[in-house]
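Peer 1: what would the 3D arrangement of this be:
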Amino acid sequence: RAQSPINIQIKPLCAMTIATPPATLSISVQRPRIESRRIEPARGWPELALGELWEHAELLGFFVWRDIKVRYKQTVFGLAWAVVQPLATMIMFSVVFGRLAKLDSDGVPYPAFSLAGLLPWMLFSSGLTQAAGSLVGNVNLLNKVYFPRMLLPISNVLAGLVDLCVSLPILLAVLLWCGMLPGWNLLLLPIPLALIIVAATGAGLWLAAANAQYRDIRFVLPFLVQLWMYGTPIVYPLSLVPAGWRTIAALNPLVSALSLFRYAVLGVGAPSVAAVVVSACSATFLLVSGAWYFRATERSFIDTI
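Peer 2: Numbering: from 1, shown residues only. Model prediction:
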């Protein structure tokens, strides 16, 4: 509508200016524009709507910070659990697999070898487990306001990077204790981390959407994580896998991710370029298919949770 002026009469209060005519003040008041958006179920093939995720980047950061605070709320050690857990597991693996089973470690001390595999694995496993229960754990939030539901599992995966940053100094201390120092290979570290984040996000989207419909996922998830750990070179090096099977084993994105992480930190066990390409394609397929399945089942989350 057109702006309508408002006439305000200002009367003088002083007796000496009674003969002065009253002044007229014209003020234009502009009504605020209200934008409306209609939300309705998608028809046909679901769209990934990645632009919507970018628009809510600030909300994603808030969810990540909330997940970090909730994870260590009312705990005795707090964020120190990110150090205690991999350190205790490293000691156990070093005794069982390093001393008793005498597994090969590519010529490096087994404590450094096992810890360099445990840290990226814990980033993946914790992100996958937390993402799988993200929708069920936030059902009250889903019922009240609209936001891209995909932000919940993604934030749980990204929150694991904080634990990794806290535990990396422990890995450096173990390397110094073993008489080792990282070299220029450390510049390759973002590549395995990106593979792990992509794979954990893709698998987390699959499990989060499935967990909203089928509560059997909470029983399948620990078994799935355990099998995935045995199929990943954590306690054993990739060199123990026959050469003809390494490309097939690279269909597991964590095979190349963990091997490349070890190569960046320890300088040993570098995977082939073909294996890294296969793992990257596998992780990308896992992410795209997980996002598509999540979008396809998103319309029924409120009714099934």
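
Peer 1: going forward, measure contacts and count neighbours with C-alpha atoms only.
Peer 2: Fine.

Peer 1: where does pLDDT dip in the stretch 1-150 of the chain?
Peer 2: Across the stretch 1-150 of the chain, the ranges flagged by pLDDT under 70 are 1-49, 74, 76-77.

Peer 1: just the strands in it please.
Peer 2: Assigned by DSSP state E, counting those that start in this stretch, the stretch 1-150 of the chain shows strands spanning 5-10, 23-28.

Peer 1: where along this structure do the helices fall?
Peer 2: Here the chain has its helices, by DSSP state H, at 50-55, 57-71, 81-93, 110-132, 134-137, 139-142, 151-177, 190-213, 217-230, 246-249, 253-266, 273-297, 301-304.

Peer 1: and the gap between the residue lying closest to residue 98 once chain neighbours are set aside and residue 230?
Peer 2: Computed as Cα to Cα, 6 or more residues apart in numbering, the closest residue to residue 98 that is not its neighbour in sequence is residue 110, at 5.9 Å. Residue 110 sits 18 Å away from residue 230, going by Cα to Cα, to the nearest Å.

Peer 1: same question, residue 87
Peer 2: Per Cα to Cα, residue 87 is found 20 Å from residue 230.

Peer 1: of those two, who's got more company?
Peer 2: Shown here are residue 87 and residue 230; by other Cα atoms under 10 Å, residue 87 has more neighbours (21 against 11).

Peer 1: which residues are in contact with the more buried one?
Peer 2: 115, 170 (Cα atoms under 8 Å, 6 or more residues apart in numbering).

Peer 1: let's have the chain start at 7 instead
Peer 2: Noted, 7 is the first residue going forward, which turns the last one into residue 93.

Peer 1: from residue 202, how far out is it?
Peer 2: Residue 93 is 21 Å from residue 202, by Cα to Cα.

Peer 1: I'd like to know how many residues surround the closest residue to residue 268 other than its chain neighbours.
Peer 2: With sequence-adjacent residues excluded and distances taken as Cα to Cα, 6+ apart, residue 268 is closest to residue 122, at 5.7 Å. Neighbourhood size, residue 122 [other Cα under 10 Å]: 27.

Peer 1: isn't residue 122 up against residue 266?
Peer 2: No: with contact defined as Cα atoms under 8 Å, residue 122 does not reach residue 266; the gap is 10.3 Å.

Peer 1: now do the contacts for the nearest residue to residue 290 once chain neighbours are set aside.
Peer 2: Excluding the flanking residues, the one nearest residue 290 by Cα to Cα, 6+ apart is residue 204, at 6.8 Å. Residues in contact with residue 204 (Cα under 8 Å, 6+ apart) are 289, 290, 293.

Peer 1: what pLDDT does residue 204 get?
Peer 2: Turning to residue 204, the model gives it a pLDDT of 96.

Peer 1: quick check: the residue nearest to residue 310 when sequence neighbours are not counted vs residue 231, distance?
Peer 2: Take residue 310 and drop its neighbours on the chain: the residue closest to it by Cα to Cα, 6+ apart is residue 219, 5.8 Å away. Distance of residue 219 to residue 231, computed by Cα to Cα: 20 Å.

Peer 1: which one of the contacts of residue 204 is nearest to residue 149?
Peer 2: The closest of the contacts of residue 204 to residue 149 turns out to be residue 293 (Cα to Cα; 26.1 Å).

Peer 1: would you confirm that that closest one contacts residue 205?
Peer 2: Yes: Residue 293 lies in contact with residue 205 (Cα under 8 Å); the separation is 6.5 Å.

Peer 1: so between these two, which is more surrounded?
Peer 2: residue 205 (28 against 22).

Peer 1: from residue 88, how far out is the residue nearest to the more buried one when sequence neighbours are not counted?
Peer 2: Excluding the flanking residues, the one nearest residue 205 by Cα to Cα, 6+ apart is residue 289, at 4.8 Å. Remark: distance between residue 289 and residue 88 (Cα to Cα) = 25 Å.

Peer 1: let's see the pLDDT reported for the spatially closest residue to residue 187 that is not a sequence neighbour.
Peer 2: Take residue 187 and drop its neighbours on the chain: the residue closest to it by Cα to Cα, 6+ apart is residue 181, 6.2 Å away. According to the prediction, residue 181 has pLDDT 93.

Peer 1: what's the neighbour count on residue 217?
Peer 2: 22.

Peer 1: residue contacts, it?
Peer 2: Residue 217 neighbours (Cα under 8 Å, 6+ apart): 138, 139, 142, 223, 224.

Peer 1: isn't residue 262 up against residue 252?
Peer 2: No: applying Cα under 8 Å, one finds residue 262 not in contact with residue 252, separated by 9.4 Å.
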